[in-house]
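> Quick one, fold the following:
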Amino acid sequence: MNSLVIFAVLSTALLAAAVFRRYVHVPSLPASGRYTLLIDKLVQYQLPLTVMARGRRYADRGLVKTARLIPEGQPNAAAVRVEIEGHVVGYLHTADAQRYRESLVASRRALRVYKCRSEIRGGESENYSVWLDLPQPMTV
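Numbers count the residues shown, from 1 in each chain. Have a look, this model is predicted:
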C-alpha cells in the first residue's frame, strides 16, 4: 500500500514538473526582423523539422515558429540547445553560442532559457534548416 502512495505522489510530481516546464513564462529576446543566424544542420534533427513543416518546401519565406535557446552545462560552457515545440532541432555553432552567452552576461541577463522567433527553411530535396531572429551583432 505504501509503495502505491509513493508511486502516485512521484508520478503526480513528475507530471506537474513537465506541465510547469512547458507552460512556464519564458522571456523573449529582442528581435531584429531578420533571420540571420543559422543553427547547426544535423541530420538527426530532420524528422521533427519535417513534421513541423508538414513536408512542405519553404524557400523564399520560412515557416515562422518560436524557438527556445537553452544554455547547457556550466556557465562558461558554450553549448546552447535550440528547441521548437518541445523538440530539439539543433545547437548554435560554437562561436555563436559563445557570443550569445557573452552577450547575456554583458546585458546582465541570467543564463537561462529565452525564446526568439525562428524560421524553418528548405524541404523536399534539401534538408530543413533553422534560422534565428536575433539582433546582429548579437547583443541581447
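
> Going by C-alpha atoms from here, please, whenever you check contacts or count neighbours.
Will do.

> Give the pairing partners of the strand ranked longest in the chain; include direction for each.
In the chain, taking DSSP state E as the definition, the longest strand is strand 58-71. The pairing partners recorded for strand 58-71 under DSSP bridges are strand 80-84 (antiparallel), strand 114-123 (antiparallel).

> buried set for whichever strand or helix holds Gln98?
Taking DSSP states H and E as the definition, Gln98 sits inside helix 94-106. By neighbour count, with 16 or more other Cα atoms under 10 Å as the criterion, the buried positions of helix 94-106 are Asp96, Ala97, Gln98, Arg99, Tyr100, Arg101, Glu102, Ser103, Leu104.

> and if you look at stretch 38-57?
Applying 16+ other Cα under 10 Å to stretch 38-57 flags Leu38, Ile39, Asp40, Lys41, Tyr45, Gln46, Pro48, Leu49, Thr50, Met52, Ala53, Arg57 as buried.

> Looking at those residues, which one is closest to Thr66?
Met52 (11.8 Å; Cα to Cα).

> Phi and psi next, for that closest one.
Per-residue torsions, Met52: phi -60, psi -40 (degrees, to the nearest 10).

> Check the gap between it and Thr36 for me.
With the distance defined as Cα to Cα, to the nearest Å, Met52 ends up 21 Å from Thr36.

> The helix holding Gln98 - what's its average pLDDT?
On average, the pLDDT along helix 94-106 is 85.

> any idea of the angle it forms with strand 58-71?
With axes from the mean of the first three to the mean of the last three Cα atoms, to 10 degrees defining the directions, helix 94-106 sits at 60 degrees from strand 58-71.

> to the chain's geometric centre, what's the distance from helix 94-106?
On the basis of Cα atoms, centre = their mean, to the nearest Å, helix 94-106 sits 15 Å off its chain's mean C-alpha point.
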